[in-house]
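no sequence on this one, just coordinates:
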């Protein structure tokens, strides 16, 4: 019986301690932050097909820099004029065998 009385006393102390507890209040702007997080999670579902590393700004800027460098390289490469020997009428005739006097008729 002594154990039973000790248990009941501890229960009464615990219930007494719980009576003085006030309701917990959330921090300011809790609901605003919660709604913002819920909106972000909804947006993340739209971008679920894109891997996470591709959505980071460092990847995006690196990719854009690579594309710009490739474009500059292509423009520089194809903008250089190829140096060829100047063609005149005699070199054209020699190339196609037109400098002979006999005709193939």
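Right, received. Where do you want to start? Note that the structure is a prediction, hence the values are computed from the model and not measured.

make it CA atoms for all contacts and neighbour counts henceforth
Noted.

what's the single longest helix in this structure?
helix 57-79 (DSSP state H).

same for that helix, what does it pack against?
Helices and strands touching helix 57-79, as assessed by 3 or more CA pairs under 8 Å, 6 or more residues apart in numbering; DSSP states H and E, are absent.

tell me the first helix or strand C-terminal of it.
helix 89-95 (DSSP states H and E).

what about the protein, any weak spots by pLDDT?
1, 40-49, 81-87, 99-105 (pLDDT under 70).

can you pull up the most central residue in it?
The centroid of the chain falls nearest to residue 55 when counting by CA atoms, centre = their mean (2.4 Å).

need phi/psi at that residue.
In terms of degrees, to the nearest 10, the main-chain angles of residue 55 are phi -90, psi -10.

let me know the distance separating it from residue 7.
58 Å (CA to CA, to the nearest Å).

cool, residue 74 as well?
With CA to CA as the criterion, residue 74 and residue 7 are 85 Å apart.
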